[in-house]
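> okay, predicted coordinates and the sequence, questions at the end:
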Amino acid sequence: MNREYDYRFMSDKREEIINILKHNFAERNGINLPIFGVQSANLSEFTTTEKDAKRGVSKFPPVQYRLREEDVLRESDTQMIKAEVVDQQAISTVMDDYHENLKLREQ
């Protein structure tokens, strides 16, 4: 069971960072990184806390909130169905790479 929880960051380069993440994820995994958008200002309904992760709870947004216009790759209907099931191993790898980069920067 995935034990990762949501992180929040602020940056003046938000769009650039998201764009790099989307492209790297697509290149590495052959599917789009699912990007979601919700109208609510309060994201607690969709935010997996550290406490949630320890209990094995994931608050992933429902598929109707998926923003297909954010996709990098064009997908056939079959690929779209496959993309709905997020590859947790791939996401863990991205997070592992991120944590490794943080460690290297701290040195």
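Cool, got the structure. Numbering: from 1, shown residues only.

> poorly predicted segments of the chain, please.
Filtered on pLDDT under 70, the chain yields the residue ranges 1-3, 5, 76-105, 107.

> in it, which spans are helices?
Remark: helices assigned in the chain by DSSP state H are 14-29, 50-54, 77-84, 88-106.

> what is the first one packed up against?
Under the contact criterion of 3 or more CB pairs under 8 Å, 6 or more residues apart in numbering; DSSP states H and E, helix 14-29 touches helix 88-106. Backbone N, C-alpha and C define where each C-beta goes, glycine included.

> might one say that E75 is in contact with A26?
No: judged on CB atoms under 8 Å, E75 makes no contact with A26 at a distance of 10.1 Å.

> who touches both of those two?
With contacts taken as CB atoms under 8 Å, 6 or more residues apart in numbering, E75 and A26 have N32 as neighbours in common.

> burial count for S58?
16 (other CB atoms under 10 Å).

> skipping adjacent residues, who's closest to it in space?
T48 (5.3 Å; CB to CB, 6 or more residues apart in numbering).

> and the one you found, how far from R68?
23 Å (CB to CB, to the nearest Å).

> look at the two and report which has more neighbours.
Ranked by neighbour count (other CB under 10 Å), T48 and R68 place T48 first, with 16 against 11.

> how about the contacts made by the more buried one?
E4, Y5, D6, V57, S58, K59, F60.
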